[in-house]
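Trainee: Sequence below, structure please.
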Amino acid sequence: MNAPAISPDGGTTLRLTHYAQGGGCACKIPAGELEEVLARLPAPGGGHGGEHGELLVGLDTGDDAAVVRISAGQAIVSTADFFTPVVDDPFDWGRVAAANALSDVYAMGGKPLVALNLLCWPREGLPYDVTAEVLRGGAVVAAEAGCHLAGGHSVHGPEPLYGMAVTGTADPERLMRNDAGRPGLPLSLTKPIGSGVLNNRHKTTGEVFPQAVEVMTALNAGAAELAVRAGVRCATDVTGFGLLGHLHKLARASGVTAELDASAVPFIEGARESVRDGHVPGGSRRNLSWVAPHLDAGGADEQVLLLLADAQTSGGLLLAGEIPGAPVIGRLVPRGEHTIVIR
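Mentor: Okay, here's the model as predicted:
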């Protein structure tokens with residue numbers, strides 16, 4: 001564990017990001033390695049009904065959350081998400097982690113109902129007043145989402161971890177899934193990308209990027225509601241596997257190819273410069289390596305590809321459809337040799 005960093009004025013400043021090897025969703029187990037592990041598990045019980053309800057979404061396509069139908073017009077959406085500090089400010093870290101966990105429910109077209117805190121804390125290395133600020137940040141965002149926050153679970157560990165287990169509700173006939181894409185549908189993105197490289201720069205240099213915090217703490221509630229109203233039935237959120245990784249999973253699950261217009265993808269201010277200056281998380285490079293065999297990169301250079309593969313934390317929704325305010329970044333076409341073609 002690293003000692004607190006020294007601020008430019010000679011005082012000590014708590015560098016929360018220095019208490020963990022990775023940061024945010026960039027600390028995820030690489031997608032390829034995770035899929036190898038999951039392939040060893042028993043076949044999921046998708047479609048099974050009975051007294052426990054009908055499992056509509058399970059492990060099959062690596063979707064954002066599990067969904068169980070409990071009645072003709074209601075389904076339960078269940079997810080969990082936690083990670084190491086992505087920013088040094090504990091309140092902001094709590095806000096980001098909560099927004100990220102809630103996002104999985106929104107990505108399925110659901111509304112969060114109740115959340116439980118998930119906390120791992122190095123109690124001998126970090127004071128509890130820092131813990132309280134992290135939890136306060138999570139509580140503020142849960143309240144903003146209209147989601148009950150009712151307890152949780154905490155353990156002692158070598159690195160700080162925070163997140164939430166979230167349960168929500170959804171209309172089973174209006175779910176958004178990652179396997180429902182069809183040729184001819186446009187692809188829209190509801191938030192700019194680049195939080196991974198900016199967070200990496202923040203951890204390395206101590207520079208603060210409020211524009212990245214603003215993107216990461218913004219809830220996907222409004223975008224999800226607009227998408228469900230518009231009849232969108234295929235979506236995912238863009239997090240640790242990057243835009244390319246999540247788009248690959250969506251196209252693979254749907255049996256289509258995604259044509260991506262790299263020039264139409266929005267980036268957070270400062271992201272391009274951070275890639276140029278070498279502030280690229282290891283998770284972003286692993287994402288690109290995983291997707292590369294399934295990618296026709298066209299004329300895109302490495303810096304553009306690294307941005308498109310950048311490991312996001314609490315990113316936006318990737319929709320197979322259109323909603324107001326979300327740029328169209330490509331389209332789905334019949335399945336070809338690759339799952340993604342960059343134009």
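Trainee: in the helix or strand hosting residue 213, what counts as buried?
Mentor: Here residue 213 sits within helix 210-217, counting by DSSP states H and E. Buried residues in helix 210-217, counted by 16 or more other Cβ atoms under 10 Å: 211, 212, 213, 215, 216, 217. For every residue, glycine as well, the C-beta is placed using N, CA and C.
Trainee: which non-adjacent residue is nearest the third one?
Mentor: Closest residue in space to residue 213, ignoring its immediate chain neighbours: residue 92 at 5.4 Å, by Cβ to Cβ, 6 or more residues apart in numbering.
Trainee: need the contact list for the one you found.
Mentor: 137, 213, 217 (Cβ atoms under 8 Å, 6 or more residues apart in numbering).
Trainee: Quickly name whichever of those residues is closest to residue 298.
Mentor: Set against residue 298, the nearest of these by Cβ to Cβ is residue 213 (32.8 Å).
Trainee: shouldn't the closest one be in contact with residue 87?
Mentor: Yes. Counting by Cβ atoms under 8 Å, residue 213 does reach residue 87; the two are 6.4 Å apart.
Trainee: Pull up the overlap in contacts between those two.
Mentor: Here residue 213 and residue 87 have residue 96 as joint contacts, going by Cβ under 8 Å, 6+ apart.
Trainee: Pull up the distance across stretch 107-116, start to finish.
Mentor: Taking Cα to Cα, to the nearest Å as the measure, stretch 107-116 stretches 19 Å from start to finish.
Trainee: whoops, stretch 204-218 was the one
Mentor: Stretch 204-218: ends 24 Å apart by Cα to Cα.
Trainee: Return the closest of the buried residues of helix 210-217 with respect to residue 264.
Mentor: The closest of those to residue 264 turns out to be residue 215 (Cβ to Cβ; 17.6 Å).
Trainee: In which helix or strand does the residue nearest the centre of the chain reside?
Mentor: Geometric centre of the chain, nearest residue: residue 239, 2.5 Å, by Cα atoms, centre = their mean. For residue 239, there is no enclosing helix or strand under DSSP H and E.
Trainee: give me every residue that touches it.
Mentor: Counting by Cβ under 8 Å, 6+ apart, residue 239 touches 25, 28, 100, 103, 246, 311, 312, 313, 314, 315.
Trainee: again, but for residue 295
Mentor: 244, 248, 338, 339, 340, 341, 342.
Trainee: Most neighbours among the residues you listed, please name it.
Mentor: The member of these that has the most neighbours, counting by other Cβ atoms under 10 Å, is residue 244 with 29 neighbours.
Trainee: okay but that one is in contact with residue 289, surely?
Mentor: No. Judged on Cβ under 8 Å, residue 244 makes no contact with residue 289 at a distance of 10.8 Å.
Trainee: joint contacts of these two?
Mentor: If you check residue 244 and residue 289 against Cβ under 8 Å, 6+ apart, no residue is contacted by both.
Trainee: mind checking pLDDT for the residue nearest to residue 213?
Mentor: pLDDT recorded at residue 92 is 98.
Trainee: and the next element down the chain from the helix or strand containing it?
Mentor: Taking DSSP H and E as the definition, one finds residue 92 inside helix 90-107. Counting by DSSP H and E, the next helix or strand C-terminal to helix 90-107 is strand 111-121.
Trainee: partner strands of that following strand, parallel or antiparallel?
Mentor: Sheet pairing for strand 111-121, assigned by DSSP bridges, gives strand 148-156 (parallel), strand 161-170 (antiparallel).
Trainee: quick one: contacts of that strand?
Mentor: Residues from elsewhere that reach strand 111-121 (Cβ under 8 Å, 6+ apart): 80, 82, 98, 101-102, 105-106, 131, 134-135, 138, 142, 145-157, 159-170, 221.
Trainee: PyMOL command to pick out the buried ones of those residues?
Mentor: The buried residues among the contacts of strand 111-121 can be selected in PyMOL (16+ other Cβ under 10 Å) with this line:
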select buried, resi 80+82+98+101+102+105+106+131+134+135+138+142+145+147+149+152+154+159+160+161+162+163+164+165+166+167+168+170+221
